[in-house]
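Q: give me coordinates for this.
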Amino acid sequence: MSAVVGAGLVRVAVERLGERRTLLLGLAFGACGFALYGLAPTGAVFFAGVPLLALWGLAGPAAQSLMTQQVDPTEQGQLQGAISGVQGVAFMIGPVLFTAVYAACIGTRTGWQLPGAPFLLAALLLATGFGLAWRVARR
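A: Next up is the predicted model:
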């Protein structure tokens, strides 16, 4: 599903909606998909979140397009390097953070079980990103 979004749907969405709306739509779908994952009581409900999460793929290309428009052509390489650096840091922090959240929310010390907590945290982070994008990526 992610391949379909990346291969064909991004271009269509950007042409019809523009980069800002496509970014916001992708972030909203991602947040909803992760929230559904986190709250899913069954595997079937969890599986229903897959198309939503695949549509999160709309956000990345739209965000990158918006960022490249804000940077001088001579600084494009620096921008791409900065984006890769931030992604690298996120790829290092993410597994540790989400594993720690999972462990904390299923441990015997809490008295309650919320195994979907890492997904709910991801939904919260994407919702925060949505709010920032709404404010920063002006029309």
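
Q: what's the mean pLDDT across the helix or strand containing Gly81?
A: Per DSSP states H and E, Gly81 falls inside helix 76-106. When pLDDT is averaged over helix 76-106, the result is 95.

Q: against which helices or strands is that helix packed?
A: Helix 76-106 sits against helix 59-69, helix 117-136, with contacts defined as 3 or more CB pairs under 8 Å, 6 or more residues apart in numbering; DSSP states H and E. For the C-beta atoms, the positions are set from N, CA and C on the backbone; glycine is no exception.

Q: list the buried residues for the longest one?
A: Neighbour counts using 16 or more other CB atoms under 10 Å place 117-123, 125-127, 129-130, 133 of helix 117-136 among the buried residues.

Q: ok, now the first one?
A: Along helix 59-69, the positions that meet the burial threshold by neighbour count (16+ other CB under 10 Å) are Ala59, Gly60, Pro61, Ala62, Ala63, Ser65, Leu66, Met67.

Q: now, which of those sits nearest Trp112?
A: The closest of these to Trp112 turns out to be Ala59 (CB to CB; 32.2 Å).

Q: is the closest one in contact with Gly30, as I believe?
A: Yes: using CB atoms under 8 Å, Ala59 is in contact with Gly30, at 6.4 Å.

Q: need the residues that contact the lowest-mean-pLDDT helix or strand in the chain.
A: None of the helices or strands of the chain scores lower by mean pLDDT, DSSP states H and E than helix 2-4, at a mean of 90. With CB atoms under 8 Å, 6 or more residues apart in numbering as the test, helix 2-4 has contacts from Ala54, Gly57.

Q: run the last query once more with 10 Å
A: Applying CB atoms under 10 Å, 6 or more residues apart in numbering, the contact partners of helix 2-4 are Val50, Pro51, Leu53, Ala54, Leu55, Trp56, Gly57.

Q: intersection of neighbour lists for Ala59 and Gly30?
A: Joint contacts of Ala59 and Gly30 (CB under 10 Å, 6+ apart) are Leu126, Gly129, Phe130.

Q: please name the nearest non-neighbouring residue to Gly30.
A: Trp56 (3.1 Å; CB to CB, 6 or more residues apart in numbering).
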